[in-house]
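**Q** my questions are about this predicted structure, shown below with the sequence.
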Protein chains: 2
Amino acid sequence: MNEIKLFAPGTIANLSCGFDVLGLCLDNVGDEMIIRKSKQKGVRITKIVGANLPLETEKNVAGAAALALLENSETDLGFEIEIYKKIKAGSGIGSSAASAAGAVFGINELLGRPFSNKELVYFAMQGEKLASGSTHADNVAPALLGGFALVRSYNPLDIIKIKSPDHLFASVIHPQIELKTSDARSILKKNISLKSAIVQWGNVGGLIAGLYTNDYELIGRSLHDEIIEPARSILIPAFDLVKKSALKSGALGVGISGSGPSIFALSKGEDTTQKVAKIMCEEYDKIDLPYEIHVSKINDEGIKVLNSKS
Amino acid sequence: MNEIKLFAPGTIANLSCGFDVLGLCLDNVGDEMIIRKSKQKGVRITKIVGANLPLETEKNVAGAAALALLENSETDLGFEIEIYKKIKAGSGIGSSAASAAGAVFGINELLGRPFSNKELVYFAMQGEKLASGSTHADNVAPALLGGFALVRSYNPLDIIKIKSPDHLFASVIHPQIELKTSDARSILKKNISLKSAIVQWGNVGGLIAGLYTNDYELIGRSLHDEIIEPARSILIPAFDLVKKSALKSGALGVGISGSGPSIFALSKGEDTTQKVAKIMCEEYDKIDLPYEIHVSKINDEGIKVLNSKS
């Protein structure tokens, strides 16, 4: 195999109670990437379509992730990467994670899979570090593994993949405002009450239990955030209204996607999910705020190979 | 059925990362209770063997729990309760919970099961309230449901029973010191860092995932407490030494049972569990501290009916 074309999916991190430890993989929301072997050692970003991102390997998220992998490989080969961005940067649905995960996944395929997908998470995190200044895994892990990914621990890195219940779908609305990750971070308090933390970890336990037992109602009851959402949601226009309407329309749970500004809702079945998406749009139509809307099954596979050339 | 004899099991609450939300049920550690119908309305504690506890119904944990149930029942019957205490009060393995859970379970059986075991948790909590001043469920829920119980939420009460992996055993050592629950409570800080809370809820997620997938290693890695144990363990003699030795001997994880002073270790298989129990005893032998030791399979059934008379 000399060339591979990939679908690199968007992801929803945090998932209400699961701040910094949980993420899920989307299905029809994502970038495309072409990665090909080259006789020239190293990594070159040869094309970027759909976004204004740096072509210099070290400054590019996909490039940085690819270099992290190659530093741990003994190959003499080099690689060229083309990126067709469809996920908007700053949307809160894992734009940089898609690029980082896609790069390491594609190179690993072309090298004959020396690393497991779980091992690739570490390399992809080095791309995320370039994008956000911190190595977080709750977007790259679900992008690489599919379904839900739990980051039990960062030190040492310990990732658990959890299969998604079959009928679980997401509606994600992206209001077209800019929300800096630094602002979304700085609004959080460094200390929280033990009481609210206990409520939060009860819900994390409930969410994980709901995923393993396909208990949609339990998943819904557990999608509750005592700590981050109350602080951060004030940065997102009409968050409370969108949430209330989505829940009224049958969503199991609603929260902030990543660090925002996108808002996600999880629902059982595609019909309900479409209905929830419609009502979310209506809330932003009312206040004339432009948005993008996505409806997606949870993608239990993760990154997909679209085609390959030998 | 006019009379029922029960085994009311001991329980381990908190389980390291699962402070206030997780508990498990022990198998061969527990009290016995006899509950019989009476034509005289109300509840009478007619016998207590093995402990110096109040016979007045309203002042007795079993009595208070039984009254809470009867207030929600339309029966004209009354009940007599005999309690044969084997779990020591203040041991940290759910002595009051066993009495409360046993009382409501037994009366419910004699009434023909008008309530589910999950519904009984609420009544048993009213007994716990008498014992500790707060209505907590992480001992009574596993006593009633068996296996592991997750208290996802207290308001509204939402309990999830999780089956125990088949080869999971506990060693519990009870150093014969008095540790007041009020002291164990007052040593905790009201506020904690968001950073440590995130580590904690990552571990709660990992522990629940490990239980559903019978992943003993994951259970072990997740049995880690960033918040409570570092503060509380200084109240327990030689805690660090006992923990270190137990882990060295093959325990998956070690922590404080309830609010102490008992220390629990979970292990895979009975042989390892016995070995771990032995080494825990040796640590207390070295400092001449008297103790009680228990080795028990996790009891997936909960309270057991020993016999009944019609």
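**A** Yep, it's here.
**Q** sec struct for residue A:245, please.
**A** helix (DSSP: H, G, I helix; E, B strand; the rest coil).
**Q** can you pull the contacts of it?
**A** Residue A:245 sits next to A:279-280, A:282-283 when contact means CB atoms under 8 Å, 6 or more residues apart in numbering or on different chains. Every residue, glycine included, has its C-beta placed from N, CA and C.
**Q** can you pick the most crowded of those?
**A** Neighbour counts for the contacts of residue A:245 peak at residue A:280, which has 28 neighbours (criterion: other CB atoms under 10 Å in any protein chain shown).
**Q** confirm that residue sits in a helix?
**A** Yes - assigned with three-state DSSP, residue A:280 falls within a helix.
**Q** so the nearest residue to it once chain neighbours are set aside, which state does it fall into?
**A** Excluding the flanking residues, the one nearest residue A:280 by CB to CB, 6 or more residues apart in numbering or on different chains is residue A:173, at 4.5 Å. Following three-state DSSP, residue A:173 is assigned to strand.
**Q** need the contact list for the residue located most distally from the centre of chain A.
**A** In chain A, counting by CA atoms, centre = their mean, residue A:39 sits farthest out from the average C-alpha position, at 32.7 Å. By CB under 8 Å, 6+ apart, the contact set of residue A:39 is A:77-78.
**Q** gap between it and residue A:75?
**A** Relative to residue A:75, residue A:39 is positioned 12 Å away (CB to CB, to the nearest Å).
**Q** possible to save the contacts of residue A:245 as CSV with pLDDT?
**A** Output for the contacts of residue A:245, formatted as CSV (pLDDT from 0 to 100):
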residue, pLDDT
A:279, 98
A:280, 98
A:282, 98
A:283, 98
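**Q** what's around residue A:178, how many residues?
**A** Residues near residue A:178, counting by other CB under 10 Å: 8.
**Q** hmm, residue A:88 and it touching each other?
**A** No - Residue A:178 is beyond contact range of residue A:88, at 10.5 Å (criterion: CB atoms under 8 Å).
**Q** OK, contacts around residue A:96?
**A** Neighbours of residue A:96 in contact, by CB under 8 Å, 6+ apart: A:61, A:89, A:127-128, A:130-132, A:139.
**Q** look up phi and psi at residue A:2.
**A** phi -110, psi -20 (degrees, to the nearest 10).
**Q** okay, it: pLDDT?
**A** On pLDDT, residue A:2 comes in at 96.
**Q** how near is it to chain B?
**A** Distance, residue A:2 to chain B, by CB to the nearest CB, to the nearest Å: 38 Å.
**Q** was I right to think that residue contacts residue A:34?
**A** No - at 11.1 Å, residue A:2 does not count as touching residue A:34 under the criterion of CB under 8 Å.
**Q** which of the two has more neighbours?
**A** Shown here are residue A:2 and residue A:34; by other CB under 10 Å, residue A:34 has more neighbours (20 against 12).
**Q** surely the more buried one touches residue A:81?
**A** Yes - using CB under 8 Å, residue A:34 is in contact with residue A:81, at 7.5 Å.
**Q** isn't residue A:303 right up against residue A:7?
**A** Yes - taking contact to mean CB under 8 Å, the distance of 6.6 Å between residue A:303 and residue A:7 places them in contact.
**Q** neighbour count winner among the two?
**A** Using other CB under 10 Å, the more surrounded residue of residue A:303 and residue A:7 is residue A:303, with 25 against 21.
**Q** quick one: contacts for that one?
**A** The contact partners of residue A:303, taken as CB under 8 Å, 6+ apart, are A:6-9, A:101-102, A:105, A:143-144, A:146.
**Q** ok, these vs residue B:123, which is closest?
**A** Nearest to residue B:123 among the contacts of residue A:303: residue A:146, at 43.6 Å, using CB to CB.
**Q** tell me which helix or strand comes right after the helix or strand harbouring residue A:128.
**A** Element membership for residue A:128 (DSSP states H and E) is helix A:117-132. Later in the chain than helix A:117-132, the nearest helix or strand by DSSP H and E is helix A:140-145.
**Q** so what does that next one touch, helix or strand wise?
**A** Counting by 3 or more CB pairs under 8 Å, 6 or more residues apart in numbering or on different chains; DSSP states H and E, the packing neighbours recorded for helix A:140-145 are strand A:3-13, strand A:22-38, helix A:95-110, helix A:117-132, strand A:148-154, strand A:157-162.
**Q** report the distance from the second one to the chain centre.
**A** On the basis of CA atoms, centre = their mean, to the nearest Å, the separation between the geometric centre of strand A:22-38 and that of its chain is 10 Å.
**Q** for stretch A:284-293, which residues meet the burial criterion?
**A** A:284, A:291-292 (16 or more other CB atoms under 10 Å in any protein chain shown).
**Q** in helices, which of these fall?
**A** residue A:284 (DSSP state H).
**Q** out of the buried residues of stretch A:284-293, which is nearest to residue A:158?
**A** Out of these, the member with the shortest distance to residue A:158 (by CB to CB) is residue A:292, at 34.0 Å.
**Q** which residue sits closest to that closest one, ignoring its sequence neighbours?
**A** Residue A:292 sits nearest to residue A:174 (CB to CB, 6+ apart), 4.4 Å away.
**Q** ok, that neighbour - contacts?
**A** Residue A:174 neighbours (CB under 8 Å, 6+ apart): A:88, A:91-93, A:261-262, A:291-294.
**Q** buried ones among those?
**A** The buried subset of the contacts of residue A:174 - by 16+ other CB under 10 Å - is A:88, A:91-93, A:261-262, A:291-292, A:294.
**Q** neighbours of the nearest residue to residue A:234 once chain neighbours are set aside, how many?
**A** The shortest distance from residue A:234 to any non-neighbouring residue, by CB to CB, 6+ apart, is to residue A:187 (7.8 Å). As a burial measure, residue A:187 scores 14 neighbours (other CB under 10 Å).
**Q** dump the contacts of residue A:96 to a markdown table, plus pLDDT.
**A** A markdown table is the format used below for those (pLDDT from 0 to 100):
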| residue | pLDDT |
| --- | --- |
| A:61 | 96 |
| A:89 | 89 |
| A:127 | 94 |
| A:128 | 91 |
| A:130 | 89 |
| A:131 | 84 |
| A:132 | 80 |
| A:139 | 97 |
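**Q** quick one: residue A:257 and residue A:23 touch, right?
**A** No - the criterion here is CB under 8 Å, and residue A:257 misses it with residue A:23 at 9.8 Å.
**Q** who in the stretch 151-300 of chain A is up against chain B?
**A** A:151-153, A:158, A:160, A:162, A:188-195, A:197-209, A:212-213, A:218, A:221-222, A:227 (CB under 8 Å from any CB of the partner chain).
**Q** pull out the buried residues from those residues.
**A** Applying 16+ other CB under 10 Å to these flags A:151-153, A:158, A:160, A:162, A:192-194, A:197-209, A:212, A:218, A:221-222, A:227 as buried.
**Q** quick one on the thing from earlier: in strands, which of the contacts of residue A:174 appear?
**A** Under the assignment DSSP state E, the contacts of residue A:174 contribute A:291-294 to strands.
**Q** just those residues now: which is nearest chain B?
**A** Nearest to chain B, judged by CB to the nearest CB, of the ones in strands among the contacts of residue A:174 is residue A:294 at 25.7 Å.
**Q** residue contacts, the residue in the stretch 1-150 of chain A positioned nearest to chain B?
**A** Nearest to chain B, among the residues of the stretch 1-150 of chain A, is residue A:21, at 4.3 Å (CB to the nearest CB). Residues in contact with residue A:21 (CB under 8 Å, 6+ apart) are A:138, A:150-152, A:204, B:198, B:201-202, B:205.
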